[in-house]
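In: sequence unknown, structure follows:
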């Protein structure tokens, strides 16, 4: 299995005993934490770690999250979490796409889209993003070309459902 889009930023996580829920697989709240860790790691790699955001008094806060859980991860498995910046309006909003895959077989476990809004860290109110956010959170040209503008996790397009049926 391959990544849904080119040039993902990837972090790897191992499913530990404390991540496992009563059903014997990684709990969905852990998946959400891994998405957040991946986003922060990517932001840091782009030169915008939490301390820089604090110094600027600006940050990107989650406004809306769409997640489609496709398969489970189990204790001891390595999971790759990939992310892409999908949209940056240069003013207020940034959209970030995620794909989570089991490392051993590449099976996609989760796809997500998180919408962020620029905020003033003191007031918590939405404000225009600083120019450094516009520059550093630029969408990669290869992603612009490859991205499906209708991507909505949980409301999967017919082609993804058809591909899933073919794999069965």
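Out: Thanks, I have the structure now. For clarity, every value in this text was computed on a predicted model and none was experimentally measured.

In: residue 5 is in contact with residue 146, correct?
Out: Yes: if you go by Cβ atoms under 8 Å, residue 146 and residue 5 touch, sitting 5.2 Å apart. Where C-beta positions appear, they are placed from N, C-alpha and C, glycine not excepted.

In: give me the more crowded residue out of those two.
Out: residue 5 (21 against 14; other Cβ atoms under 10 Å).

In: contact partners for that one?
Out: The contact partners of residue 5, by Cβ atoms under 8 Å, 6 or more residues apart in numbering, come to 84, 97, 99, 142-143, 146-147.

In: now the element after the helix ranked longest in the chain, going C-ward?
Out: For the chain, the helix with the greatest residue count under DSSP state H is helix 28-45. For helix 28-45, the following helix or strand on the C-terminal side (DSSP states H and E) is helix 50-56.

In: helix or strand next in line after that next one, which one?
Out: strand 58-69.

In: what sits up against that next one?
Out: 28, 31-32, 43, 53, 93-94, 109-121, 124, 127, 129-130, 133, 137, 152-154, 156.

In: can you say which of those are buried?
Out: Among these, the ones that count as buried by 16 or more other Cβ atoms under 10 Å are 31-32, 43, 53, 93-94, 109-119, 127, 129, 133, 137, 153.
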